[in-house]
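A.B. asks: attaching a predicted model along with its sequence, questions to come.
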Amino acid sequence: MALLYSACHNALDYGVPQMRERVILVGVLKSFKQKFYFPKPTKMHFLISLYLSLFIAFY
């Protein structure tokens, strides 16, 4: 038997330069003694427009 954890996270909150919501599913066997926790969101938001403006400025 397994435990199922699910959550909806925005990829932007985890340092990915995409503003998309993702559904994350994690299955863990009940025999595994440690409980699963989703990581806390980071405060760093990377936007592709920032990188494009830097690239274009130095082109």
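C.D. replies: Looks like it arrived, so ask away. Numbers count the residues shown, from 1 in each chain.
A.B. asks: show me the contact partners of the one helix or strand L4 maps to.
C.D. replies: Element membership for L4, per DSSP states H and E: strand 2-10. The contact list for strand 2-10 (Cβ atoms under 8 Å, 6 or more residues apart in numbering) reads 19-30, 36, 38, 41. For every residue, glycine as well, the C-beta is placed using N, CA and C.
A.B. asks: quick one: L52 is in a helix?
C.D. replies: Yes - counting by DSSP: H, G, I helix; E, B strand; the rest coil, L52 is located in a helix.
A.B. asks: pull the most distant pair out of the contacts of strand 2-10.
C.D. replies: M19 and K30 (35.9 Å; Cβ to Cβ).
A.B. asks: neighbour-wise, which of those two wins?
C.D. replies: Legend: neighbour count by other Cβ atoms under 10 Å for M19 and K30, higher for M19 (12 against 8).
A.B. asks: contacts only, for that one.
C.D. replies: By Cβ under 8 Å, 6+ apart, M19 lies in contact with N10, A11, L12.
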